[in-house]
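Novice: return atomic coordinates for the entry below.
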Amino acid sequence: MSYLVLARKWRPQSFADLVGQEHVSQTLSNAIQAGRVHHAFLFTGARGVGKTSAARIFAKALNCEEGLSAQPCNQCPSCGEITAGQGVDVFEIDGASNTGVDDIRELRENIRYLPSRSRYKIFIIDEVHMLSINAFNALLKTLEEPPGHAKFIFATTEPHKIPVTILSRCQRFDFRKIALPMISARLREIVDAEGIEISDRSLALVARRGEGSMRDALSTLDQVIAFCGEAVGDEDVQSLLGMVDRRLLLDTAEGIVRRDSRMALEAVRRVDDLGHSYRQFSQELVEVFRALTLCRVLADPGEMLDATADELRELQTLAALGTLEDLQRALTVLVRTEIDLASSSFPRLTLEMALVRLAHLPPARDVGTLVRKIEDLERRLAGDADRLPVASPSLRPSAPAQETARDAGPPPKKPEAPASPAAGGKGWQGLVEHVREKRRPGIASILEQASLLTFELPLMKIGLPKGSFALSQLEDNEYLEDLSRLAEEYFQQKIDVRITALDERQANAPPSLAEERQSRETDRKKRLREDALSHPMVKTALEVFSGEVREVKAIDKGFV
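Specialist: Next up, the predicted model:
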């Protein structure tokens, strides 16, 4: 008995078997159950996503001897003949081979006669866009006034090539590319039924090679089984398909986001040892950073990515290590590198230097912060000593500057935080920024909410509201050890970090950095409103129109 390829052996036989095309299955099933079956249908979509299979299932549902049903029995002679492609009243026509007007005229002659033993004569024309204009014109009259016993199902990958006059007379169904997890799940069902041993990792590679096409994925699986036998190894699949190992790509991305140039260069060495194309590696690395960017901006990126559940979790973990700006910059460099590799005489060197550059790019700075820093510098140079710059969270003001700013402002409601010791000019806010730069934003956020009770190195006592989530986090041994380590690294000496719980009665605790920032912003808005209301033009406008000022917005960036 001749071998039947997997794509044919496991071809969908019912609407329930159509993977990833539930919207088509449900609509056709409802139409059959309601008795509202149109005379012409157009199935569009990429190759191998189920268009012709859906057409056969639909034909079986219409002509099943058990009765008109959305679920064909697949047991009666009519269903069996259609499954085997030998239906007496179901005609499958290749549009690429029957492009002429004479072929369509012959079809029109055939339509006139009643079906031999079925309810309907069904004409399935694959790649219908290949018909000539004259053939389409010959078909048009039949579609306008079809006999009641005839149904047409057209399938195409290029619907834009079909005349509008034909399109307007068909119900159109757009078949989607099948998501990678769906293909992987279907492949797992098939290999388990076939008794093939293969890992989920290899199945994911096979599914990804299909690029959204179930037929292509099954053809690739056939090739893998022919090469490896019933026990498929991961390395054999990689070698056969010539695809870059997903683990290698993720390790490279991790080296970049962690700014570990050694890890990134080690990845290039592995690419060379495995004999992968540098350009293909670069292309797939671009896809990885696209995925990281989507993980950074979307709460649920699974619908946008072809990734298994395990890969998605790992991508989300990696994305959390870098900022959105860093990921976008890396993506820009990698896209440019992929173009350069096409004409480079030294592809390995080109790729290595690109990865080294990415691993050593300084962290992206917020544009607003940089603008404020430049404006502050301009005011200093202009000698505007009366208006000191607002301390930005991303800057490290020295202790004297902080004390001067406090002296110049109104009397604080809370006592000032302890002055920083003369340890190389390094203070409390500098420590917070150091923690943030070390990729521990969670700890930095907690420190911004904390009150600095004692700052007499090596003793540093920190207070947080009793029962707060921030306090419970910082009391955790892992968080506290990380904070102590980072503090010792910053101040270059052993630091004794102590955490104190503050209750509501301890209202005299020094303000936190977050409270100071909020207070400055409140004062700024208050002064802004006062200045606006005292302006002569505003006063005149209020008197003339008997109006009131509801909101004041700053249009001068220099206002502090």
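Novice: got the domain boundaries for the protein?
Specialist: According to automatic domain parsing, the chain comprises the domains 6-174, 180-241, 246-359, 396-511, 516-560.
Novice: now do the second one: distance from first to last residue.
Specialist: The reference is to domain 180-241. Taking CA to CA, to the nearest Å, the first and last residues of domain 180-241 lie 17 Å apart.
Novice: just how off-centre is that domain within its chain?
Specialist: 24 Å (CA atoms, centre = their mean, to the nearest Å).
Novice: after the helix or strand that contains residue 443, which helix or strand is next? Please name it.
Specialist: Per DSSP states H and E, residue 443 falls inside helix 441-449. Following helix 441-449 in sequence order, the next helix or strand is strand 451-456 (DSSP H and E).
Novice: which strands and helices sit next to that next one?
Specialist: strand 459-465, strand 496-502 (3 or more CB pairs under 8 Å, 6 or more residues apart in numbering; DSSP states H and E). Every C-beta, even on glycine, is put in place using the N, C-alpha and C of the backbone.
Novice: just to revisit the earlier point, and the angle for the helix holding residue 443 with strand 459-465?
Specialist: 90 degrees (axes from the mean of the first three to the mean of the last three CA atoms, to 10 degrees).
Novice: would you mark the buried spots in helix 441-449?
Specialist: 443, 444, 445, 446, 447, 448, 449 (16 or more other CB atoms under 10 Å).
Novice: could you do stretch 49-65 as well?
Specialist: So stretch 49-65, judged by 16+ other CB under 10 Å, has buried residues 49-64.
Novice: over to stretch 166-177?
Specialist: For stretch 166-177, a neighbour-count test (16+ other CB under 10 Å) marks 166, 169, 170, 173, 175, 177 as buried.
Novice: and the end-to-end length of it?
Specialist: Span of stretch 166-177 from end to end, CA to CA: 25 Å.
Novice: render the CA-only coordinates of stretch 61-74 in CSV, please.
Specialist: In CSV, the C-alpha atoms belonging to stretch 61-74 read as follows (Å, rounded to 0.1, in the frame of the first residue of the first chain):
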residue,chain,number,x,y,z
ALA,A,61,-22.7,18.7,4.8
LEU,A,62,-24.9,19.8,1.9
ASN,A,63,-25.0,16.3,0.2
CYS,A,64,-24.8,13.9,3.2
GLU,A,65,-27.3,11.1,2.8
GLU,A,66,-28.2,11.3,6.5
GLY,A,67,-29.7,14.6,5.9
LEU,A,68,-28.8,18.3,5.5
SER,A,69,-26.6,18.9,8.6
ALA,A,70,-23.7,21.0,9.8
GLN,A,71,-22.1,17.8,10.9
PRO,A,72,-21.7,15.4,8.0
CYS,A,73,-21.8,11.7,9.0
ASN,A,74,-18.5,10.8,7.1
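Novice: average pLDDT for that stretch?
Specialist: Across stretch 61-74, the average pLDDT comes to 88.
Novice: hmm, who's touching that stretch?
Specialist: 13-16, 28-30, 32-33, 35, 37, 57, 60, 75-80, 82-83, 87, 89-90, 118-120, 122, 151 (CB atoms under 8 Å, 6 or more residues apart in numbering).
Novice: again, only using 7 Å
Specialist: 13-15, 29, 32-33, 37, 57, 60, 76-79, 83, 89, 118-120, 122, 151 (CB atoms under 7 Å, 6 or more residues apart in numbering).
Novice: cool, stretch 102-111 as well?
Specialist: 121, 123, 135, 138, 139, 142, 147, 150.
Novice: which non-adjacent residue is nearest the fifth one?
Specialist: Distances taken as CB to CB, 6 or more residues apart in numbering place residue 104 nearest to residue 139, at 5.2 Å, with adjacent residues excluded.
Novice: then the fourth one?
Specialist: The spatial neighbour of residue 138 that comes closest, neighbours along the chain excluded (CB to CB, 6+ apart), is residue 104 at 4.2 Å.
Novice: and the host helix or strand of the one you found, what's buried?
Specialist: Using DSSP H and E, residue 104 sits within helix 101-111. Of all the residues in helix 101-111, those buried under the rule 16+ other CB under 10 Å are 101, 103, 104, 107, 111.
Novice: stretch 513-520 now?
Specialist: By neighbour count with 16+ other CB under 10 Å, stretch 513-520 contains the buried residues 513, 515, 516, 517, 519.
Novice: from these, which land in helices?
Specialist: 513, 515, 516, 517, 519 (DSSP state H).
Novice: report the backbone C-alpha coordinates of the helix holding residue 104 in PDB.
Specialist: Only the C-alpha atoms of helix 101-111 are listed here, as PDB (Å, rounded to 0.1, in the frame of the first residue of the first chain):
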ATOM      1  CA  VAL A 101     -13.500  30.500 -21.800                       C
ATOM      2  CA  ASP A 102     -14.100  27.100 -23.400                       C
ATOM      3  CA  ASP A 103     -13.600  25.400 -20.000                       C
ATOM      4  CA  ILE A 104     -16.200  27.700 -18.400                       C
ATOM      5  CA  ARG A 105     -18.600  27.100 -21.200                       C
ATOM      6  CA  GLU A 106     -18.300  23.400 -20.700                       C
ATOM      7  CA  LEU A 107     -19.000  24.000 -17.000                       C
ATOM      8  CA  ARG A 108     -22.100  26.000 -17.800                       C
ATOM      9  CA  GLU A 109     -23.400  23.200 -20.000                       C
ATOM     10  CA  ASN A 110     -22.900  20.800 -17.100                       C
ATOM     11  CA  ILE A 111     -24.700  23.000 -14.700                       C
END
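Novice: how far off centre is that helix?
Specialist: The answer for helix 101-111 is 49 Å, by CA atoms, centre = their mean.
Novice: just checking, next helix/strand downstream of that helix?
Specialist: By DSSP H and E, the next helix or strand past helix 101-111 is strand 121-126.
Novice: all helices of the stretch 201-350 of the chain, in order?
Specialist: Assigned by DSSP state H, counting those that start in this stretch, the stretch 201-350 of the chain shows helices spanning 214-228, 234-241, 246-257, 261-274, 278-297, 309-319, 324-341, 347-359.
Novice: which one of those helices lies nearest to residue 23?
Specialist: helix 214-228 (16.1 Å; CB to CB).
Novice: coming back round to it: JSON lines for the domains of the chain, including distance to residue 375?
Specialist: Converted to JSON lines, the domains of the chain look like this (distance: least, CB to CB, whole Å):
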{"stretch": "domain 6-174", "distance to residue 375": "53"}
{"stretch": "domain 180-241", "distance to residue 375": "49"}
{"stretch": "domain 246-359", "distance to residue 375": "21"}
{"stretch": "domain 396-511", "distance to residue 375": "16"}
{"stretch": "domain 516-560", "distance to residue 375": "6"}
